[in-house]
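Visitor: the following comprises the amino acid sequence and a computationally predicted model.
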Amino acid sequence: MKAQQIYAVVAFVCIGSSVMAQENNLAALLQKLNLTNPQTQIEFLGFVDRQTFPASVACLIQGGGPGCDPRTPTIRKVLQKLSANNYQCSSCDFDTQRVLNLFLRSLRQAANPLQCKSLDEGLQLAAPLCT
C-alpha cells in the first residue's frame, strides 16, 4: 500500500514538474516575442490584421519562410504550447498573463472559423484555438 502511495506522489511531482517546465518555457517564448514593448505590440497587431491574416495563417502553418514575419516560428511554438495547456498558464506572473491575453485575443479576433480550423489542423493544436 505504501509503495502505491509513493508511486502516486512521485508521478504527481513528475507531472507537476513537467507542467511547470512547459509553462516556464512558454514564458521564455513570450519574452522572446517582446510583446510588453508598445512598438512590438503594434507590429504584432499588423501580423493579426484581418487583411493580412490569411498570409499570416499560411506562414504559421508552414513554420515561416520567405515573406513571413521572422517571429512566425516563435508565434507557432507559443500557440502549440498554449494549446497543450488548454490556453492556460497558472504559474505565469501578471505581466505574462497580460501578454497572453493580448496574444490570444488578437489571434482569435483576426481569425475567421475556417482560419481557426486551418490553424488547429496545420499546427496540430491539442485544444482548438477558437471556441
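Guide: That came in fine, so what should we check first?

Visitor: which residues touch stretch 34-47?
Guide: Stretch 34-47 has contacts (CB atoms under 8 Å, 6 or more residues apart in numbering) with 33, 52, 53, 56, 69, 71, 75, 95, 99, 102, 103, 106. In short, each C-beta sits where N, CA and C put it, glycine included.

Visitor: where does this protein have low pLDDT?
Guide: The model of the chain has pLDDT under 70 over residues 1-24.

Visitor: got the residue ranges for the helices in the chain?
Guide: Remark: helices assigned in the chain by DSSP state H are 2-33, 38-47, 53-62, 72-84, 94-110, 113-122.

Visitor: export those helices to TSV and tack on distance to residue 128 and mean neighbour count?
Guide: Listed next are those as TSV, based on distance: least, CB to CB, whole Å; neighbours: other CB atoms under 10 Å:
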stretch	distance to residue 128	mean neighbour count
helix 2-33	18	12
helix 38-47	20	14
helix 53-62	15	18
helix 72-84	8	19
helix 94-110	10	16
helix 113-122	5	16
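
Visitor: how far away is the closest residue to residue 54 other than its chain neighbours from residue 63?
Guide: Nearest in space to residue 54, with sequence neighbours left out and distances taken as CB to CB, 6 or more residues apart in numbering, is residue 115 at 7.1 Å. Per CB to CB, to the nearest Å, residue 115 is found 17 Å from residue 63.

Visitor: residue 78 now?
Guide: For residue 78 relative to residue 63 (CB to CB), the value is 13 Å.

Visitor: and what of residue 87?
Guide: Per CB to CB, residue 87 is found 21 Å from residue 63.

Visitor: which one's more surrounded, those two?
Guide: Taking other CB atoms under 10 Å, residue 87 and residue 63 do not tie; residue 87 has more neighbours (19 against 13).

Visitor: would you mind measuring from that one to residue 105?
Guide: Using CB to CB, we find residue 87 at a distance of 11 Å from residue 105.
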